[in-house]
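Visitor: Give the three-dimensional model of this entry:
(3 chains)
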Amino acid sequence: MIDAGDLIGWYARAQRDLPWRRPGVSPWQILVSEFMLQQTPVARVEPIWLDWIARWPTPSATAAAGAADVLRAWGKLGYPRRAKRLHECATVIANDHDDLVPDDVETLLSLPGIGTYTARAVACFAFRQRVPVVDTNVRRVVARAVHGLPDAGSPSARDLADVAALLPDDETAPQFSVALMELGATVCTARSPRCGVCPLRQCAWRAKGFPAGAGPVRRTQRYAGTDRQVRGRLLDVLRGSTSPVTRAELDLAWTTDTAQRDRCLDSLLVDGLAEQTADGRFVLFGGAGEAGGADAQAVTAHSDSSAAEANRRR
DNA sequence: AAACCGTGGGA
DNA sequence: TTCCCAAGGTT
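Guide: Just a heads-up that it's a prediction; the model follows:
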């Protein structure tokens, strides 16, 4: 059992001063932070988020921006499809929700790029709702403090029930949830937990003598030489230029495996992250012309139809 | 449901 | 140097 009072009291003095936690930050701006924080460390998100919300403070402002500018502003945060989905999400909110972020989990879940974690995080942190919020930090803290396990297992429906059972039955629930996440992020960390400064008086893992884990269940995916790296290189070239880039320039971004490079370029078109101008050069998606590059063509007949499909907005 | 999707910093 | 990991989502 985790004592909510202990945890919230600790958070009050130990929390990091993160810009999206400050007073006056809107639900949309909190949502933007959640998108950026998906699989990306706080330190890298902070400067991008500050520039971003100063430039595009609302969903409609974001939607009005071209996708290319959004992709460029995203910079090297990683997983650029998140930027595209954020742009799509802004468009849906601006068009279908009166420019207001929905406040219920169900509706939030229906938006592009919003899954089970983000929907709950927005409902909780932006709208102060008493809903369990489960991220990787929370799963790890619960695994240790409650179940006495060294690490969280694979995500399961049980995670939600576990956290729901811990949640205070009053309006302090959101504070409890941020605090739980903060504890996992700064004290009960994956690598070297700082148990010496942990505010929890009860911890099943400690009670058992900190049994060691079996190590990573599965080897992490390697990165060097993967399509992800190649796509990253290609996109970096496109990001760095406001004018269309020739095929030859892109070819320089990856020369060791030309077939792989071609396949990756095609996949970027299919994913709607890049597009081709009428004269055959390449740009970030939405950067080819007015109407978001409606005149763009894809490289092959195959990807042409796929790209059209991928680019369609729903 | 396992695999894929970027990137950089720390151990 | 290599490997791990970081407020996940989608297919």
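Visitor: Centre of the chain to the helix or strand where residue A:83 lies, how far?
Guide: If you go by DSSP states H and E, residue A:83 is part of helix A:81-96. Helix A:81-96 sits 13 Å away from the centroid of its parent chain (C-alpha atoms, centre = their mean, to the nearest Å).
Visitor: Alpha carbons only: can I get that helix in PDB?
Guide: Extracted in PDB, the C-alpha atoms of helix A:81-96 (Å, rounded to 0.1, in the frame of the first residue of the first chain):
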ATOM      1  CA  ARG A  81       4.900  10.700 -36.600                       C
ATOM      2  CA  ARG A  82       4.100  12.100 -33.200                       C
ATOM      3  CA  ALA A  83       4.400  15.600 -34.700                       C
ATOM      4  CA  LYS A  84       2.200  14.700 -37.500                       C
ATOM      5  CA  ARG A  85      -0.400  13.200 -35.200                       C
ATOM      6  CA  LEU A  86      -0.300  16.200 -33.000                       C
ATOM      7  CA  HIS A  87      -1.000  18.300 -36.000                       C
ATOM      8  CA  GLU A  88      -3.900  16.000 -36.900                       C
ATOM      9  CA  CYS A  89      -5.200  16.100 -33.400                       C
ATOM     10  CA  ALA A  90      -5.100  19.900 -33.400                       C
ATOM     11  CA  THR A  91      -7.100  19.900 -36.600                       C
ATOM     12  CA  VAL A  92      -9.800  17.600 -35.200                       C
ATOM     13  CA  ILE A  93     -10.100  19.600 -32.000                       C
ATOM     14  CA  ALA A  94     -10.300  22.900 -34.000                       C
ATOM     15  CA  ASN A  95     -12.800  21.500 -36.500                       C
ATOM     16  CA  ASP A  96     -15.000  19.200 -34.400                       C
END
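Visitor: Mind listing residues that contact that helix?
Guide: Around helix A:81-96, the neighbours that count as contacts under C-beta atoms under 8 Å, 6 or more residues apart in numbering are A:28, A:31-32, A:35-36, A:38, A:56, A:58-60, A:62-65, A:67, A:70-71, A:73-74, A:77, A:99-102, A:111-114, A:271-273, A:285, A:313. Where you see a C-beta, it was placed from the backbone N, CA and C, and this is true even at glycine.
Visitor: Of the residues you listed, just the buried ones, PyMOL syntax please.
Guide: Typed into PyMOL, the line below selects the buried ones among these, using 16 or more other C-beta atoms under 10 Å:
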select buried, chain A and resi 28+31+32+35+36+38+56+58+59+60+62+63+65+67+70+71+73+74+77+101+102+111+112+113+114+271+272+273+285
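Visitor: Among the contacts of helix A:81-96, which ones lie close to DNA strand C?
Guide: A:38, A:112-114 (C-beta under 7 Å from any atom of the strand).
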